[in-house]
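Novice: Below is the sequence, then the predicted model.
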Amino acid sequence: MSMLPAPSSGARGSHVSRLAPPGSLTKRIREGSVDLESGLDAKKSRMEEPGASVTNLAKSMSKSMMNIADKVKPAAGRVGTAGRVGIAAGGSKPKVSVTRPGADRRLTTTALHDRTNSSKSRPGLAREKSSSVRGPAGVEKPAGKAASSKRPAWDLKGRLEDMERMFDPTNRRVEDLETEKQTLQTDVEVKKEVVVQSSEEIRTLRLNVERSEQELENLRRSLRDKEEHFNEETVRLKRQLEDEQYTKSSLERRLKGLEDELSSKQTEVAGLKNSVAELSSSRAGVEASLSGAKTELEAARQQILALQTESERKSDEIVTSLAAQEEMLAKLRWEESERRKLHNLVQELKGNIRVFCRMRPLLGEEKDGLDEIRHVNIQGEKTLELIKTVDSANESIAGGLNKNMKYDFEFDRVFGPTSSQGDVFAEISQLVQSALDGYNVCVFAYGQTGSGKTFTMEGGPAIEDDESECGMIPRTIRQIFEVQERLKEKCWQYKLQASFLEIYNEEIRDLLTSDTNHKCEIKMSDSKGTDLHVTNLKSEEVTSESQIASMIRRARKNRAQAKTLCNERSSRSHSVFMLKIEGYNTATTETCCGTLNLVDLAGSERIKDSGSEGMRLTEAQAINKSLSNLGNVIMALAQKNSHVPYRNSKLTHLLQNCLGGNSKTLMFVNISPKEECFSETLNSLRFATKVNQCNIGTACKKAAK
């Protein structure tokens, strides 16, 4: 039976066995119980792994001490005959030195090293390798006995004694580890106290450092302020020095100048003395000539008085002549105004449609290579001559119609390219007054596309900024408001209702609204009367001139326009501005109701010249058809036919009252200055002549219902 080695003298006393004594009741040993020894040997070998727990403890201690102390190395056990672990006597604990806040950092470091050194000197585990030889089952055997002395399986008591002897070293080792654990916990607590004290010292040192840095920053700031103050003072003193030097140099220059001036004055005084001597000698001669000059002066004064009297007499004559001239000019203006009124009266009595002709100036590229308009000759205020010239190179033998020809036309007024919008409106201002008096007035512009009809009626694109470009519509409203203000003194009050429409492809559209769902139709106002009105047409009350400008902008935005070969912005519809004027006299209870229609007809065009196709072609056909129907109506009126085809187109139907006799009507015929438009110009002038010869009767004044 193998025996375990006895414990060494360094053990802590005898070990009392906790096993049952021999002879006690025990279970029968079954087969396979031999594995108990092998299991104990394996457990013992795991517990006796050299240096495992000690190394982990040393690593945890080195981390907790913030890399201050060295790592604790496990002590190597000696190989002895006893075969068990011995624990060396521990040293005493080092005293912890507590330093006050602000002490030197070297003291703290020394204390930490002392703690670490003391931990090195505590008892360690001395491991010795047993000299005994382990058996195959893991049970140690004495070196001097053979492997055949193993206890038999039936010797349970012996085997239990062997097991107790095997457990004794393990128990002693567990107790040693517990002791070492207590020692390490005590060291850890000491280290924690040292760490806390070190943290307090570090915090105190950091506060001192921050306080020192703050004081250093204050000193730096104070130093910068003083440096800036000294720099400013230095700059100020330098500037003062420069000013003093400049003042000194100025005074020196002034002193030098005064010295030079003094020398010149002295020289001048010497010269004056000489001059005084010379003058004294010539004084007698001067006095003699002075008496003669006095005599001549008296004669000149008498002559001047006579000339002044003559000048005053001439001035009075000039003033009298100017007054007489002004009186003659006023009389001339009055006579011209009376002539126009009488002319209008004659035209009204004749009942004819008055026609004004206007030719626009050349624009943009039209001026290139063309200094003057040669084919149109305006001979006076009422006549013009249209000249057709043919180059000799283009003449042919049978060209009887290609010879030079002249066409003379006469209208109520002819406006040349230099005539302004104000000059044109001055001629129709009497018609505006007629509308205020209760008459129906119609002014429409006719001509080929691009001849300036829209410019004449509405004005240019910048009418809000440039009043000179305002057309007949805004000028008419302006005159109506001016007359309305003057008539307030005579107790007249007026109400104005305005509407704006267009006739596009024989369809009436409201230009003051963008809604195209409303269908507008021409209807009779009542069954007995002859007045017409348009259904679903928006009408706005006009109280200021700015409203008209806004209406014109909206109408231009909604009106149909397109680009053709003849005109970049060609109007593709007929536009009609209708203004209903209702007046009431609060003193006499008299009423009046007039309607002012301002019509901008779409331009006539040749399809082959305009290059219209698709929708443009449809528009051109509708425009030419409506203008042709207008010509048929004019021809029927001129020939006094019993039936006038007003209803053949929406345009003539809408203008029925204007052309049928109960209206004062005026037509603008606009012509183009371009010579290539000669044929269209000739056709427009011929049509205007027919219109001028058309007698529609005398208009009647209407009273408000």
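Specialist: Noted; the coordinates are in hand.

Novice: use CA for all of it now, contacts and neighbours both
Specialist: OK.

Novice: Summarise which helices and strands the helix or strand hosting Thr267 is packed against.
Specialist: Assignment of secondary structure by DSSP states H and E places Thr267 within helix 156-350. For helix 156-350, the packing partners by 3 or more CA pairs under 8 Å, 6 or more residues apart in numbering; DSSP states H and E come out as helix 105-120.

Novice: pLDDT (mean, whole number) over the helix it packs on?
Specialist: On average, the pLDDT along helix 105-120 is 46.

Novice: next one: stretch 189-198
Specialist: Stretch 189-198 comes out at a mean pLDDT of 92.

Novice: and if you look at stretch 413-428?
Specialist: The pLDDT scores in stretch 413-428 average 90.

Novice: Give me the distance between it and the centre of its chain.
Specialist: On the basis of CA atoms, centre = their mean, to the nearest Å, stretch 413-428 sits 44 Å off its chain's mean C-alpha point.

Novice: do the same with stretch 498-511
Specialist: Worked out by CA atoms, centre = their mean, stretch 498-511 lies 38 Å from the chain centre.

Novice: hang on, the earlier thing: neighbouring strands - and their directions - for the helix or strand following the helix holding Thr267?
Specialist: For helix 156-350, the following helix or strand on the C-terminal side (DSSP H and E) is strand 354-359. Using DSSP bridges, strand 354-359 pairs in its sheet with strand 413-415 (parallel), strand 664-671 (parallel).

Novice: Report all helices and strands that whichever helix or strand comes after the shortest one contacts.
Specialist: Just to be clear, that refers to strand 413-415. Past strand 413-415, further along toward the C-terminus, the next helix or strand under DSSP H and E is helix 421-436. When contacts are defined as 3+ CA pairs under 8 Å, 6+ apart, helix 421-436 packs onto strand 440-447, helix 472-487, strand 574-585, strand 591-600.

Novice: Flag every buried residue along helix 421-436.
Specialist: 421, 424-425, 431-436 (16 or more other CA atoms under 10 Å).

Novice: likewise stretch 481-491?
Specialist: Residues of stretch 481-491 classed as buried by neighbour count (16+ other CA under 10 Å): 481, 484.

Novice: cool, and stretch 410-420?
Specialist: For stretch 410-420, a neighbour-count test (16+ other CA under 10 Å) marks 410-416 as buried.

Novice: right, and out of those, which lies closest to Arg253?
Specialist: Gly416 (75.3 Å; CA to CA).

Novice: so what's that closest one closest to, chain neighbours aside?
Specialist: What sits nearest to Gly416 in space, not counting adjacent residues and going by CA to CA, 6 or more residues apart in numbering, is Met359, at 5.4 Å.

Novice: For the one you found, give me its contacts.
Specialist: Met359 is in contact with 415-417, 451, 670-673, counting by CA atoms under 8 Å, 6 or more residues apart in numbering.

Novice: Could I get those residues in CSV, plus columns for distance to Glu366?
Specialist: What follows is these, written out as CSV (distance: CA to CA, whole Å):
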residue, distance to Glu366
Phe415, 20
Gly416, 17
Pro417, 13
Ser451, 13
Asn670, 17
Ile671, 15
Ser672, 11
Pro673, 9
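
Novice: and Gly285, how many neighbours?
Specialist: A total of 9 residues lie near Gly285 under the criterion other CA atoms under 10 Å.

Novice: Let me see the confidence value for it.
Specialist: Value for Gly285, per-residue pLDDT: 81.

Novice: what separates it from Lys294, distance-wise?
Specialist: For Gly285, the distance to Lys294 equals 15 Å [CA to CA, to the nearest Å].

Novice: Then Arg374?
Specialist: Arg374 sits at a distance of 74 Å from Lys294 (criterion: CA to CA).

Novice: between the two, who's got more neighbours?
Specialist: Of the pair Arg374 and Lys294, Arg374 is the one with more neighbours under other CA under 10 Å, namely 14 against 11.

Novice: ok, that one to Leu682 distance?
Specialist: Going from Arg374 to Leu682 by CA to CA gives 15 Å.

Novice: Of the contacts of Met359, which is the nearest to Asp243?
Specialist: For those, the residue nearest Asp243 by CA to CA is Pro417; the value is 72.5 Å.

Novice: Quick check, that closest one in contact with Arg360.
Specialist: Yes - using CA atoms under 8 Å, Pro417 is in contact with Arg360, at 4.9 Å.

Novice: Next one: the residue nearest to Tyr584 when sequence neighbours are not counted, what pLDDT does it get?
Specialist: For Tyr584, ignoring the flanking residues on the chain, the nearest one in space by CA to CA, 6+ apart is Thr591 at 4.6 Å. In this model, Thr591 is scored at 88, pLDDT.

Novice: Tell me, how many residues neighbour Thr591?
Specialist: By other CA under 10 Å, neighbour count at Thr591 equals 19.

Novice: and if you look at Val195?
Specialist: 17.

Novice: which residues does Glu261 contact?
Specialist: Taking CA under 8 Å, 6+ apart, one finds nothing in contact with Glu261.

Novice: er, Arg354 actually
Specialist: Under the criterion of CA under 8 Å, 6+ apart, the neighbours of Arg354 are 347, 411-412, 665-667, 692.

Novice: For my notes, please list those in JSON lines and give distance to Ser468 for each entry.
Specialist: Below are these laid out as JSON lines (distance: CA to CA, whole Å):
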{"residue": "Gln347", "distance to Ser468": "29"}
{"residue": "Phe411", "distance to Ser468": "25"}
{"residue": "Asp412", "distance to Ser468": "24"}
{"residue": "Thr665", "distance to Ser468": "25"}
{"residue": "Leu666", "distance to Ser468": "22"}
{"residue": "Met667", "distance to Ser468": "22"}
{"residue": "Asn692", "distance to Ser468": "29"}
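
Novice: ok, so of those, who is nearest Ile634?
Specialist: Asn692 (9.7 Å).

Novice: How many residues are close by the residue nearest to the closest one when sequence neighbours are not counted?
Specialist: Closest residue in space to Asn692, ignoring its immediate chain neighbours: Ile353 at 5.3 Å, by CA to CA, 6+ apart. Counted with other CA under 10 Å, residues neighbouring Ile353 total 27.

Novice: Ile353 and Thr689 touch, don't they?
Specialist: No - judged on CA under 8 Å, Ile353 makes no contact with Thr689 at a distance of 10.1 Å.

Novice: quick one, what contacts Lys519?
Specialist: By CA under 8 Å, 6+ apart, Lys519 lies in contact with 508-509, 535-536.

Novice: Could you identify the buried members of the residues you listed?
Specialist: Here, 16+ other CA under 10 Å leaves 508-509 buried among the contacts of Lys519.

Novice: Tabulate the contacts of Lys519 (JSON lines), appending distance to Arg159.
Specialist: Shown next, in JSON lines, are the contacts of Lys519 (distance: CA to CA, whole Å):
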{"residue": "Ile508", "distance to Arg159": "131"}
{"residue": "Arg509", "distance to Arg159": "128"}
{"residue": "Thr535", "distance to Arg159": "132"}
{"residue": "Asn536", "distance to Arg159": "129"}
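
Novice: show me what contacts Gly459?
Specialist: Gly459 neighbours (CA under 8 Å, 6+ apart): 469-472.

Novice: Quick check: His518 is in a helix.
Specialist: No - per DSSP: H, G, I helix; E, B strand; the rest coil, His518 lies outside any helix segment and is coil.

Novice: quick one, phi psi at it?
Specialist: For His518, the backbone dihedrals (degrees, to the nearest 10) come out as phi -70, psi 130.

Novice: where does the closest residue in space to it that isn't next to it in sequence fall, helix, sheet strand or coil?
Specialist: With sequence-adjacent residues excluded and distances taken as CA to CA, 6+ apart, His518 is closest to Asn536, at 6.5 Å. Look at Asn536: counting by three-state DSSP, its state is coil.

Novice: Just to check, Asn536 is in contact with Thr516?
Specialist: No - the criterion here is CA under 8 Å, and Asn536 misses it with Thr516 at 11.1 Å.

Novice: element containing Glu613, please.
Specialist: Using DSSP H and E, Glu613 maps to neither a helix nor a strand.
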